[in-house]
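Trainee: make a model of this:
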Amino acid sequence: MRILIAGGAGYVGSVLVPKLLDRGYQVDVVDLFWFGNHLPSETGIINKDIFDIGVQDVEPYQQVVFLAGLSNDPMAEYSPSQNFIFNAAAPAYLAYIAKKARVKRYIYASSCSVYGYTDNELFDENRPVASAYPYGISKLQGEQAVMNLVDETFSVISLRKGTISGWSPRMRLDLIVNTMFRNGIRNGEITVNNPSIWRPILSIDDATNAYIRAIEASEKMSGIFNVASGNYTVGEVGDLVKMAIEEKFGKRVQLTINHKSDFRNYKVSIQKAENVLSFHPNHDVKSIVRNLIEHMDKFDDWDNPLYYNIETLKLLSTKSGLRTLAEVAQ
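Mentor: The predicted model follows:
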């Protein structure tokens, strides 16, 4: 099978692509490589904007995976217009092109952010979605557009992922567990802004395994699936990161608790993914931290702008920043 991965040089793709290659798939990546290229040498590289992709470009592939777009709230709020273009229009356009090219399956990287702020209930995929902020709205728009194309010849799977954390060759330090780990190691302090808020946490290994399950599902399978390693309050995440660091390094980590309001609060059921995709998570917060510790010598430059998506976006928005980013990525 030959697979095209849009945005495959990013945080998730840099872990997913090697796994797919190990399973014998041919993998090409279309990306603008804002964060450099950390992919295996046998990966096919297409340095191209998604909106420049045509039917003839996609015809060789049996499946297309969409991992591209602006990937968190700070990026969406920094540039709402780009957010809606990259997260709503781009996946819709590529799915349309893929269907015209007779691709068999399209897999969309959705987000549990589409649930917005919920009561203290476990949400499954049939519950209403009501996000009121740019990132969540755009991810929902992208999801609705691609799911609208499903028919007997075109399978679409949307993975509503929890907040991903863990080590990747294209590292990020702006994700909840990764950020707490950085602060605990560097500053000896972890700050929790709202301990009562719920988040579905997803290890990057579980996330990439979910994509493999989707790729290898029955050809007739379509649907929306919640994917998470587990549901945690942010306060519990802080406790677990603190505990893991202290157990490994024997150093005390201060936990600072604030009580700031937050417009995101959700916990999700993954029963559908377990029963239909055979997705069974193998990790928890402490194992995510152990994964970060194992690889921490590979991302010891804590202030590298490439580890923070919003900083990279700001650099890209200036002409001089483009040069700076290119130098850093080399």
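
Trainee: only C-alpha atoms for contact and neighbour calcs from this point on.
Mentor: Noted.

Trainee: quick one: low-confidence ranges for this protein?
Mentor: 76, 319-330 (pLDDT under 70).

Trainee: centre of it to the edge, which residue is at the far end?
Mentor: In the chain, the residue that sits farthest from the middle, by C-alpha atoms, centre = their mean, is Gly250; the gap is 31.8 Å.

Trainee: so what's that residue up against?
Mentor: Going by C-alpha atoms under 8 Å, 6 or more residues apart in numbering, Gly250 touches no other residue.

Trainee: how far away is it from Gln56?
Mentor: 57 Å (C-alpha to C-alpha, to the nearest Å).

Trainee: phi, psi of the closest residue to Arg264 other than its chain neighbours?
Mentor: Distances taken as C-alpha to C-alpha, 6 or more residues apart in numbering put Tyr117 closest to Arg264, at 4.7 Å, once the chain neighbours are dropped. Note on Tyr117: its backbone torsions stand at phi -100, psi 120 [degrees, to the nearest 10].

Trainee: since we're on Tyr117, how many residues are nearby?
Mentor: 19 (other C-alpha atoms under 10 Å).

Trainee: for Cys112, same thing?
Mentor: Using other C-alpha under 10 Å, Cys112 has 29 neighbouring residues.

Trainee: who's in contact with stretch 81-98?
Mentor: 50-51, 53-55, 58-59, 64, 66, 68-70, 75-77, 106, 108, 134-135, 138-143, 145-146, 149.

Trainee: which of those residues are buried, as a PyMOL select command?
Mentor: Buried subset of the contacts of stretch 81-98, written as a PyMOL selection, criterion 16 or more other C-alpha atoms under 10 Å:
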select buried, resi 50+53+55+58+59+64+66+68+69+70+75+76+106+108+134+135+138+139+140+141+142+143+145+146+149
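
Trainee: from the contacts of stretch 81-98, which ones fall inside strands?
Mentor: Counting by DSSP state E, those place Val64, Phe66, Tyr106, Tyr108 in strands.

Trainee: quick check, nearest of those to Tyr25?
Mentor: Nearest to Tyr25 among those: Val64, at 12.6 Å, using C-alpha to C-alpha.

Trainee: quick one, longest helix in this structure?
Mentor: helix 234-249 (DSSP state H).

Trainee: output the next helix or strand after that one as CSV - backbone C-alpha positions only.
Mentor: Going down the chain from helix 234-249, the next helix or strand is strand 254-257, by DSSP states H and E. The C-alpha coordinates for strand 254-257 follow below in CSV (Å, rounded to 0.1, in the frame of the first residue of the first chain):
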residue,chain,number,x,y,z
GLN,A,254,7.4,22.4,43.8
LEU,A,255,3.8,22.2,42.7
THR,A,256,2.1,25.7,42.4
ILE,A,257,-1.7,25.6,42.1
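
Trainee: oh, and call the first residue 56 from now on, that's how I've got it
Mentor: OK, 56 is where the count begins now, so the last one is strand 309-312.

Trainee: hmm, Lys315 is touching Asn249, no?
Mentor: Yes: using C-alpha atoms under 8 Å, Lys315 is in contact with Asn249, at 5.5 Å.

Trainee: next, count neighbours for Gly79.
Mentor: Gly79: 10 neighbours (other C-alpha under 10 Å).

Trainee: in three-state terms, label it for me.
Mentor: coil (DSSP: H, G, I helix; E, B strand; the rest coil).

Trainee: same question, Met235
Mentor: Met235 - assigned by three-state DSSP - is helix.

Trainee: can you tell me the closest non-neighbouring residue to it?
Mentor: Residue nearest to Met235 in three dimensions, not counting chain neighbours: Ile245, with 5.6 Å by C-alpha to C-alpha, 6+ apart.

Trainee: state the distance from the one you found to Ser165.
Mentor: Look at Ile245 and Ser165: by C-alpha to C-alpha, they are 29 Å apart.

Trainee: A helix includes Leu149, no?
Mentor: Yes: counting by three-state DSSP, Leu149 is part of a helix.

Trainee: tally of neighbours for it?
Mentor: Leu149 has 24 nearby residues by other C-alpha under 10 Å.
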